[in-house]
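Q: quick one: sequence and predicted model below, then my questions.
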Amino acid sequence: MKNFLRDNGLSLVLAAIFLLLLAGQAFTGWHVYNEEELEHGSNALSLRDYLGTGHFMESVFENWESEFLQMAAYVVLTAFLFQKGSAESNDPEGEESETQLSTHTPRPLLKGGWKLKLYEHSLSLALLGLFAVSFIGHLLGGARLHNQENLQHGKASISVGQYLGSSQFWFESFQNWQSEFLAVLAIVVLSIWLREKNSAESKEMTAPHSSTGK
């Protein structure tokens with residue numbers, strides 16, 4: 001168990017922080033939602049019922065969507081674009097290393113063919129798939145919330161397709177997307193000159209600013 005915790009400490013801590021913050025979002029969002037409902041003369045919902053509302057769905061998936069888009073784009077772009085001196089970039093002067101096969105080599109590399117082709121892009125495909133799921137969740141949750149607000153104001157409901165073409169949906173998307181790409185730009189550029197001792201996302205303390213990669 002000690003070795004398991006040591007070997008998986010990063011993912012376990014990140015997962016715990018994620019679940020804690022998600023629970024915090026659900027709890028505080030539930031209170032915000034019920035306050036708004038009571039102001040409109042509607043009944044308050046239980047926390048369980050709140051988790052199925054467009055208010056919660058839209059807020060969760062809207063943020064997940066931008067995160068997965070950012071990571072997918074980052075993984076793909078760093079495969080062929082460079083930033084001299086950045087810890088987050090491959091070295092433009094570096095040579096492609098040859099794959100050394102061993103008993104621990106992932107099976108797709110041994111099989112070859114379409115399985116290998118799929119495996120070569122499996123990370124970006126997984127991230128794009130998660131982005132697509134989050135995008136749909138944001139769309140469905142946002143449409144549900146939008147129609148609920150229309151109902152409270154005596155307006156007609158709209159279809160999911162109509163909500164997809166609305167300024168509201170794309171405003172929500174763009175405001176998150178731009179912030180994610182700004183964050184990636186910041187770490188790519190700042191890692192040229194700045195360091196964080198012992199971090200896998202930083203160059204060695206003694207590495208010159210022109211050194212590229214970790």
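A: In hand now; what should we look at? Numbering: from 1, shown residues only.

Q: for the rest of this, base every contact and every neighbour count on C-alpha atoms.
A: OK.

Q: how about the spatially most central residue of the chain, secondary structure?
A: For the chain, Glu67 is the residue whose C-alpha lies nearest the centre (Cα atoms, centre = their mean; 2.3 Å). When classified by DSSP: H, G, I helix; E, B strand; the rest coil, Glu67 comes out as helix.

Q: wait, it sits on Glu180?
A: Yes - Glu67 is in contact with Glu180 according to Cα atoms under 8 Å; the separation is 6.7 Å.

Q: returning to what we had before: can you pull the contacts of the residue nearest to the centre of the chain?
A: Taking Cα atoms under 8 Å, 6 or more residues apart in numbering, we find Glu67 in contact with Phe131, Trp177, Glu180.

Q: what number of residues lie near the closest residue to the second one other than its chain neighbours?
A: Once flanking residues are discounted, Trp177 sits nearest to Ser66: 5.0 Å by Cα to Cα, 6 or more residues apart in numbering. Here the count is done by other Cα atoms under 10 Å, and Ser66 has 23 residues near it.

Q: gap between Ser66 and His104?
A: Taking Cα to Cα, to the nearest Å as the measure, Ser66 falls 35 Å from His104.

Q: in which helix or strand would I find Ile136?
A: Here Ile136 sits within helix 122-152, counting by DSSP states H and E.

Q: pull the contacting residues for the closest residue to Val160 other than its chain neighbours.
A: Nearest residue to Val160, sequence neighbours excluded (Cα to Cα, 6+ apart): Ala143, at 5.8 Å. Listed by Cα under 8 Å, 6+ apart, the contact set of Ala143 reads Gly54, Ile158, Ser159, Val160, Tyr163.

Q: okay, whichever strand or helix holds Phe4 in CSV with CA atoms only?
A: For Phe4, the element it lies in under DSSP H and E is helix 2-7. C-alpha atoms of helix 2-7 as CSV (Å, rounded to 0.1, in the frame of the first residue of the first chain):
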residue,chain,number,x,y,z
LYS,A,2,2.9,2.4,0.8
ASN,A,3,4.4,1.8,-2.6
PHE,A,4,1.0,2.2,-4.3
LEU,A,5,0.4,5.6,-2.6
ARG,A,6,4.0,6.7,-3.5
ASP,A,7,3.7,5.6,-7.2
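
Q: quick one, helices of the protein?
A: With DSSP state H, the ranges of helices along the chain come out as 2-7, 9-39, 47-50, 54-77, 107-111, 113-120, 122-152, 160-164, 167-190.

Q: could I get the ones you listed as a markdown table with mean pLDDT and distance to Glu204?
A: Output for those, formatted as a markdown table (pLDDT from 0 to 100; distance: least, Cα to Cα, whole Å):
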| stretch | mean pLDDT | distance to Glu204 |
| --- | --- | --- |
| helix 2-7 | 90 | 22 |
| helix 9-39 | 96 | 20 |
| helix 47-50 | 96 | 47 |
| helix 54-77 | 96 | 22 |
| helix 107-111 | 73 | 31 |
| helix 113-120 | 86 | 28 |
| helix 122-152 | 96 | 26 |
| helix 160-164 | 97 | 46 |
| helix 167-190 | 95 | 14 |
